[in-house]
Structures are given as C-alpha cells and as structure tokens.
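# The amino acid sequence is not available; the structure is as follows:
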Ligand code: SF4
Ligand code: SF4
C-alpha cells in the first residue's frame, strides 16, 4: 500500500458522498491508501474570497500547513473547486514573501509551500493508469461527454494542468476505461457554480445548455470531476428540464465511478445509487 | 463611510492589476457566461475603472455584476493582456460589502456567502443543513427547495450533524482577525 495525503473537502462528506466512496474504492483497488489531513477545515470556497481575501488565504493556508505538519509531500484533492483554491493560494503565498509571513502568523503555523497538489485526474495518472487497461474487466463502453468545468484547468499559468479551451486528460482516461468520448462545445463552460441556491435560475440556464449539447451529440453519460458540477447537472435536473422544455435523462457520473465500474467495482461500492438522475450501468 | 482618495490606485495596489492595460477588445465579455445577466459587462467594467471617475466607481460597488461573477476565470484566460478580472471582482465585492453598498437584487447571493462562512466559523467545515437554515433565515425563503432535502437525506447526502473540527477556536480566530476587522 502506498500512502498519500487526502483532502476530501466538505462536499465529499455530505452531498457528494458517492464521490468520496468512489475515490477511496478506486484508490484501494490500485493499492493506494489515502490519509486525511488531520483536523482539516473548509477551504472557504467562493464565499470566502468574495467577502475577504485574507480570510480566504488563511483558510486554505491552514489546510496546507496541516498537511505539511503531517509530513505529507503530496495531497489528493478530488473537488475541482478545492483543488483550484488550494493551488492558487499556495502559488500566491510562494510568490509574495511578506504575504506568506503575514498569513503564517495568522494561522500560527509555518508554511513551506512545497506540497504537491493533485486533482483526481492527476491522481489517476500517477497511481492508476499504468495498470488500468490490464485491470479493466467490464469496459465502460458508453458514449460520454467529458465535462471539466472551469476550475480544473483555469487559471492555466498557476495550475499548469491540461489545455484551457479543449482539455484532454479526462477524455484520455475515459477511453482507456473503454468509453467513446464525444467532441462537444461545453467542456469548460461554467455550470453556474455556487449559485445553486441563491440563483437557481442561472444554474438551470447554464447547466441546461451543457446538458443539452451533450444530449444533442448523443452522449449516454456526462463525466465530471467536481461535486459542484455534479450537483448542478444532476440534482438540478428538474429545473434544467423545465428551462429546456425537454426531458433529458442523461446521468452524470464522477470519473472515479465510471473507471471504478470498468475495473469491476460494484454499483454500490462506487455509490451509483445515490444519483438523482438514475445511472444504471452496472 | 470611507472616502476614496484615489480608489483606482488603491484597487491596483491591492490586486496588482493595471487597469490601463485593457484595450477594450471585448474578449472577456464575449466569453463570460454571466455577462447577459450583468448590468455592466466585464469589459465595460474595465472601461469604467479606466476613467477613474468616482461616480462610476460607486456605480460598480452598487452593481449586480460584481456579485454575478462566479470566478470561472474564463475572461482572464482569454484576455490578450491577461488582465485578472476575477481578482478585481473579489476586491470590489469585498469593498461593496464592507461599505454596505450591495445591490438590492444581489442581497440573496451575499446572504448565501454569509451563511456559508458562518457555518465554517462555528464548526470549521461546511455543514450543509446549517448553511441552508442560515440562508433561509437571512432571506425568508422558507419554502425554497423543501422537496430536495428529504431526497438528499434518503441518499445519505445530508448528514444531520455537523462534523466539528478540534481546533474550532483557531478557525474562529481567523474570522475575527480578518472578516470582523
Ligand atoms: S479581454 Fe482583456 S483587454 Fe480585452 S476588453 Fe477584456 S480586459 Fe480588456
Ligand atoms: S470570472 Fe467572472 S467576469 Fe470572468 S468570465 Fe467568469 S463570470 Fe465572467
């Protein structure tokens, strides 16, 4: 068993519990043990940086410092929004010594800023992909739309992960799991992000356009790597369908669920029964 | 209420963005999915800042635009001058809230942010039921999404108790040293 640090983030402990289950199950199937950062806190998400920059920096910095204190060299961060926040904050601190000192004083912990922060695709690339094809027992032979959303690939100069307008990493992995990936227009368009509750109308419209394009091009599933994207596209489907004046029932799966199924994990193990739009693939 | 001597200079200092570098090509607005809903599009916002007009600056602090920006970073990634509009949005939002200039129509967005932060302040992590309760208490939208909660609960997506962290005081301190200032 190889051990790596893990920052689940709040939604994996709640509304995205199936993401948590499938990340852990997939990791385990490939002999990887994910260890949670001790006493981690919420990264503050959009709320924190919208209301107070220093607070946003401190919340993320506390997480980074705790991981370092635990002796972790790399951490896996499955939520795209958390991944973006932690990476951006580490970058900002590393590029401004005075700021780093101030924030370090605020959280009362040193920050070296040397952590490797891995999103879910990077985790799969690093620990899974080598043995992926040989372990595929029930190939995920569906036509899928790989939806990256905004925060996984942007801002490119900081994240340095994949192409900004037409990323490929998820497509490549899904093909290895047996899927056919479609060419479509909404790979990195915004789903409405944190407006699910405060501006549901905007989420219905933006997510509606995403779901519609995937449907128009014949996708049988939308694959995501972010709890916010998943809940907007899945849980808000009634509002989306109302906006589209159509009944689109394409399910929305986390990449770890789709790949998990391909390597023989059960629907239960990857939490497939927890979706609002039924996903029946097993 | 604070008086801005040169508000734009202050903005530039805090964000590191030089507003004069924008040459109004409009790519940010073309790529912004929220631009339709905004009162001032991202490129117009840049233009307003360039004028250094106090009146226009105040209009931005009162605008819907700053609260509608979801920080998707599309604008900055497409901008030929790599102008960090989301960073400017953050700065304007913080100032707008601090000076009680939040646009009336955007108050529920701000209420959501505040409810979100409250939840972290008290437990260290986001507690979704607490978040929704806090949001409803602030906006009186008591019946919104009532059918959603039981569906989430039955799927094990809505824990009834918050997961508390050990160092609650440490996290609460971060709030009192930043947000409360
Ligand atoms: S894309 Fe950049 S240069 Fe063009 S209008 Fe927007 S901010 Fe200005
Ligand atoms: S970051 Fe804000 S302004 Fe820029 S494209 Fe996204 S929503 Fe529009």
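On my side now, so go ahead. In this text, all values refer to a predicted model and were calculated from it rather than measured experimentally. Ligands and ions are numbered 1, 2, ... in the order given.
# Using the three-state scheme, assign residue A:3.
Following DSSP: H, G, I helix; E, B strand; the rest coil, residue A:3 is assigned to strand.
# so what's the residue lying closest to it once chain neighbours are set aside up against?
In space, and not counting its chain neighbours, residue A:3 is closest to residue A:33: 4.8 Å by Cβ to Cβ, 6 or more residues apart in numbering or on different chains. In short, each C-beta sits where N, CA and C put it, glycine included. Taking Cβ atoms under 8 Å, 6 or more residues apart in numbering or on different chains as the criterion, residue A:33 is in contact with A:1, A:2, A:3, A:4, A:27.
# I figured the first one hits residue A:34, correct?
What that stands for is residue A:1. No - contact between residue A:1 and residue A:34 fails when scored by Cβ atoms under 8 Å: they sit 10.3 Å apart.
# neighbour-wise, which of those two wins?
Set residue A:1 next to residue A:34 and count neighbours by other Cβ atoms under 10 Å in any protein chain shown: residue A:34 wins out with 21 against 7.
# quick one: contacts of the stretch of helix or strand residue A:19 belongs to?
Taking DSSP states H and E as the criterion, residue A:19 maps to helix A:17-29. Contacts with helix A:17-29, where a contact means Cβ under 8 Å, 6+ apart, come from A:8, A:11-13, A:33-34, A:76, A:78-79, A:120, A:123-124, A:127-128, A:135, A:227, A:230, A:254, A:256-257, A:259-260, A:263-265, A:269-272, A:274-275, B:156-157.
# Can you flag the buried ones in these?
A:8, A:11-13, A:34, A:76, A:78-79, A:120, A:123-124, A:127-128, A:227, A:230, A:254, A:256-257, A:259-260, A:263, A:265, A:269-272, A:274-275, B:157 (16 or more other Cβ atoms under 10 Å in any protein chain shown).
# Next, the residue of the stretch 51-200 of chain A found nearest ligand 2: phi, psi?
Here the stretch 51-200 of chain A gets closest to ligand 2 at one residue, residue A:190, 6.5 Å apart by Cβ to the nearest ligand atom. Dihedral pair for residue A:190: phi -80, psi 140, per degrees, to the nearest 10.
# Could you report the neighbour count for it?
26.
# who's in contact with the closest residue to it other than its chain neighbours?
Residue nearest to residue A:190 in three dimensions, not counting chain neighbours: residue B:72, with 4.2 Å by Cβ to Cβ, 6+ apart. By Cβ under 8 Å, 6+ apart, the contact set of residue B:72 is A:150, A:151, A:154, A:190, A:193, B:33, B:86.
# Verify the stated contact: residue A:270 with residue A:262.
No - using Cβ under 8 Å, residue A:270 is not in contact with residue A:262; the gap is 10.3 Å.
# Sketch out the low-pLDDT regions of chain B for me.
Along chain B, the model assigns pLDDT under 70 to residues B:1-5, B:142, B:160-161, B:181.
# hmm, back to that, taking the contacts of residue B:72 one by one, which sit in helices?
In this view, those that belong to helices under DSSP state H are residue B:86.
# What is the nearest of the contacts of residue B:72 to ligand 1?
For those, the closest approach to ligand 1 (Cβ to the nearest ligand atom) belongs to residue B:86, at 11.2 Å.
# Most neighbours among the contacts of residue B:72, which one?
Of all the contacts of residue B:72, residue A:151 has the most neighbours under the rule other Cβ under 10 Å, reaching 30 neighbours.
# tell me the phi and psi of it?
Main-chain torsions, residue A:151, degrees, to the nearest 10: phi -90, psi -10.
# Next up, the contacts around it.
Residue A:151 touches A:80, A:81, A:83, A:84, A:226, B:72, B:73, counting by Cβ under 8 Å, 6+ apart.
# you'd agree the second one is in a helix?
Yes - the assignment for residue A:81 (three-state DSSP) places it in a helix.
# okay but it is in contact with residue A:229, surely?
No - Residue A:81 lies out of contact with residue A:229 (Cβ under 8 Å); the separation is 9.1 Å.
# So between those two, which is more surrounded?
residue A:229 (28 against 24).
# if we can go back for a sec, most neighbours of all the contacts of residue A:151, which one?
residue A:226 (31 neighbours).
# chain center to stretch B:46-55, what's the gap?
20 Å (Cα atoms, centre = their mean, to the nearest Å).
# Same check on stretch A:271-282?
The answer for stretch A:271-282 is 18 Å, by Cα atoms, centre = their mean.
# How much space separates residue B:57 from ligand 2?
Using Cβ to the nearest ligand atom, to the nearest Å, we find residue B:57 at a distance of 17 Å from ligand 2.
# sorry, back to before: so after the helix holding residue A:19, what's the next helix or strand?
With DSSP H and E setting the assignment, the helix or strand that follows helix A:17-29 is strand A:32-36.
# For chain B, what lies in contact range of ligand 1?
Proximity of chain B to ligand 1 (Cβ under 6 Å from any ligand atom) is limited to residues B:22-28, B:42-43, B:46, B:79-81, B:83.
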